[in-house]
Structures are given as C-alpha cells and as structure tokens.
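**Student:** Here you go, sequence then predicted model.
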Amino acid sequence: MKAILIIDHGSRRDEANDMLACVANLLTHMVGDSVIVRHAHMELAEPSIAHGFDACIAEGATSVVAFPDMLSPGRHATNDIPELVAQAAARHPGVEWNLTPAFGVHEKLAEIVLLRAGVKPVAGRALPDEGACCWDPAGRAGTCGGACRALGAVPAVAHASGR
C-alpha cells in the first residue's frame with residue numbers, strides 16, 4: 001500500500017503545526033482509503049519525520065512518498081529533509097520510498113495567489129501546452145525548480161531501503 005508523508009519545517013507555534021495536520025486530513029479525504037496519508041515536522045515539533053515514516057509502515061505502507069511542504073528548493077527541502085527521510089527509511093529494509101521536489105512554480109499555486117488577492121485571471125488566456133513554456137523572465141529552463149514546464153515533469157527520486 002502507498003503512503004504519502006507530507007513534511008514541513010515545524011514551528012514553535014501550535015497553530016502552524018496544526019495546519020499541517022489539516023492538510024494531511026484534507027489529502028486523506030481526497031484519496032480515501034486507497035492511500036495512507038501522514039504528516040511530520042523536520043524539527044521543533046512532533047511527529048518527527050522518523051515517527052511519521054514509522055506510522056506509515058505501522059499502518060501497512062510498503063511504499064512511502066515523502067513530500068516537502070515547502071515552496072522553494074532551499075536547503076531544508078534539498079538537503080535536510082532528504083537526509084532525515086533516508087535515515088527513517090533505512091530502519092525499514094525493503095520499503096520503497098520516494099522524495100518529491102518542493103512545490104516550485106506551478107499554475108495551481110498562482111491560482112491560489114490570485115484567489116486570495118481577489119484578482120481574476122484574464123478571460124480566455126490559455127496557458128501554453130505542457131513542456132512548451134519556461135516562466136523564468138530570462139528563459140533559463142530549470143530556474144523554476146522541479147515544476148519547470150520547460151524541463152517536463154520531474155519525477156520523484158526513487159529509493160529502496162536495504163538495497
């Protein structure tokens with residue numbers, strides 16, 4: 001069974017930590033019983049990444065997709081979280097696991113910004129076909145991160161503990 005482990009930085013503010021539990025609950029509602037969804041914090045709060053990963057396995061997960069709930073591919077999303085997930089996965093030989101990129105630049109995030117700002121997109125303005133566009137003003141493909149349309153879909157990095 002597949003599991004999604006959504007991971008944020010963690011906060012000293014309970015309200016911030018509680019929000020990630022709400023996101024996990026929303027995702028659970030969206031996927032139903034077909035996927036296990038748990039949340040974890042990189043630091044400052046529980047559950048830790050190790051505890052979140054363990055909870056996925058305890059509920060029957062044989063494959064875990066770790067998602068850093070971060071906007072940009074900064075140090076935490078590219079170094080700290082991958083290292084902590086790898087350490088947690090190492091305790092479960094044979095369990096497949098993947099790590100997705102951070103959110104990066106994505107049209108769905110832009111829609112949320114417009115919604116919250118009370119601005120409607122220009123009517124009839126279609127987005128370019130998949131893979132045909134780079135949103136970097138200088139046109140440097142890949143600058144937008146893992147969601148860069150010019151690079152195409154960037155798959156999660158696949159791993160298997162114990163191999």
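**Tutor:** Everything's here; your move. Numbers count the residues shown, from 1 in each chain.

**Student:** how about stretch 104-113: buried residues?
**Tutor:** By neighbour count with 16 or more other C-beta atoms under 10 Å, stretch 104-113 contains the buried residues 104-106. From N, CA and C alone the C-beta is placed, and that goes for glycine too.

**Student:** ugh, typo on my part, it should be stretch 38-50
**Tutor:** 38-42, 45, 47-49.

**Student:** Could you pull out the strands in this structure for me?
**Tutor:** 2-8, 35-41, 63-68, 96-99, 157-160 (DSSP state E).

**Student:** now the helices: where do they sit in this protein?
**Tutor:** Per DSSP state H, the chain carries helices over the ranges 14-31, 49-58, 75, 81-90, 107-117.

**Student:** Which of these comes out lowest on mean pLDDT?
**Tutor:** Mean pLDDT is lowest for helix 107-117 out of those, coming in at a mean of 89.

**Student:** Any chance you could list what contacts it?
**Tutor:** 71, 103, 120-121, 127 (C-beta atoms under 8 Å, 6 or more residues apart in numbering).

**Student:** So which of those residues is surrounded by the most neighbours?
**Tutor:** Within the contacts of helix 107-117, neighbour counts (other C-beta atoms under 10 Å) peak at residue 103, which reaches 19 neighbours.

**Student:** So it sits against residue 73, correct?
**Tutor:** No. The pair residue 103 / residue 73 is not scored as a contact, 9.2 Å apart, by C-beta atoms under 8 Å.

**Student:** for the chain, which residue is closest to the average position?
**Tutor:** residue 67 (2.7 Å; C-alpha atoms, centre = their mean).

**Student:** contacting residues around that one?
**Tutor:** Taking C-beta under 8 Å, 6+ apart, one finds 4-7, 100 in contact with residue 67.
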